[in-house]
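1. coords please:
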Amino acid sequence: MLPSKLRADIRSGKHQTHTSGFCQNYVQANLVVLPKEYAFDFLLFTTRNPKSCPIVEVLEPGQYQSKYAKESDIRRDIPLYHIYEHGKLIDTKKSIEDVWKDDFVSFLIGCSFTFESQLIKGDIPLRHIEENKNVAMYTTNIQTEKAGVFDGPMVVSMRPVPNSLVQKAADITSLFPKMHGSPVHIGDPTEIGIQDITKPDFGDFVEIREDETPMFWACGVTPQAVAQHAKIPYMITHSPGCMFVTDWKNEDYLHET
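-> Presented below is the predicted three-dimensional model:
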């Protein structure tokens, strides 16, 4: 499926679920929308926390078409949005057109779904895709570096990988520095504050088998954990796993980097 077709299906309501496993050869992105008065603080936060929040694109106030997606509309092209006020999730929406304001600044942040196609091409199995599930995500005890009002814990995504392929998976994902890059942790989840691996904070748990090692990558859901921790007055994000799919091919991204 081409990204333009998926975005059309999302707008029409035909596609209402996560985007993991869809348009695998194209770059996907997380979304953060903020009033202009908080945009500089957040931009500073992303520069201080590039593993969690690698910037793909920043849109001017009021702008909603990405240069990486022809005729796109970030107000309508994501399956589900989250709206936070003072750190609390107050609403979920299939479109944010009715709450859109001309001073909103939108940030597209790299997503680990982008490197998944390369893992698959490297014969590394991804169980959440095989089982048509959203990837499992966890809030950790790893703290981000504060910037202005933005402060809080890092969120990670987890994928179980056969023991013999752990190094290969780390090597492949290191080629995608703007899409979270190499893992931030490998192995025992309790070392990063995850007490029950079977209960992710976002997404769906998948079995970790005896001959597998859990691998953890920084995740673009981190701003949502930060919004909750720091009680950001107003923020709109994607719902975890429901990404903005661009027309930018993974191979073009790799060439550019």
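
2. residue boundaries of the strands in this protein?
-> With DSSP state E, the ranges of strands along the chain come out as 26-35, 55-59, 81-85, 88-93, 104-110, 136-143, 153-162, 185-186, 212-218, 234-238, 244-249.

3. So which other helices or strands are in contact with the third one?
-> Contacts defined by 3 or more Cβ pairs under 8 Å, 6 or more residues apart in numbering; DSSP states H and E place strand 81-85 against strand 88-93, helix 222-230, strand 234-238. To be clear about C-beta, it is placed using only N, CA and C from the backbone, and glycine gets the same treatment.

4. Could you tell me the least trusted of these?
-> Lowest mean pLDDT within these: helix 222-230, at a mean of 92.

5. Compute the inter-axis angle for it and strand 153-162.
-> Between the axis of helix 222-230 and that of strand 153-162 there is an angle of 140 degrees, by axes from the mean of the first three to the mean of the last three Cα atoms, to 10 degrees.

6. What residues of helix 222-230 count as buried?
-> Along helix 222-230, the positions that meet the burial threshold by neighbour count (16 or more other Cβ atoms under 10 Å) are Thr222, Pro223, Gln224, Ala225, Val226, Ala227, Gln228, His229, Ala230.

7. what's the answer for stretch 127-144, then?
-> Buried residues in stretch 127-144, counted by 16+ other Cβ under 10 Å: 127-129, 133-140, 142, 144.

8. need the contact list for the residue lying closest to Leu80 once chain neighbours are set aside.
-> Taking Cβ to Cβ, 6 or more residues apart in numbering, and ignoring the residues beside it in sequence, Leu80 has Ser239 as its nearest neighbour in space, at 3.7 Å. Each residue near Ser239 by Cβ atoms under 8 Å, 6 or more residues apart in numbering is listed here: Ile78, Pro79, Leu80, Tyr81, His82, Thr92.
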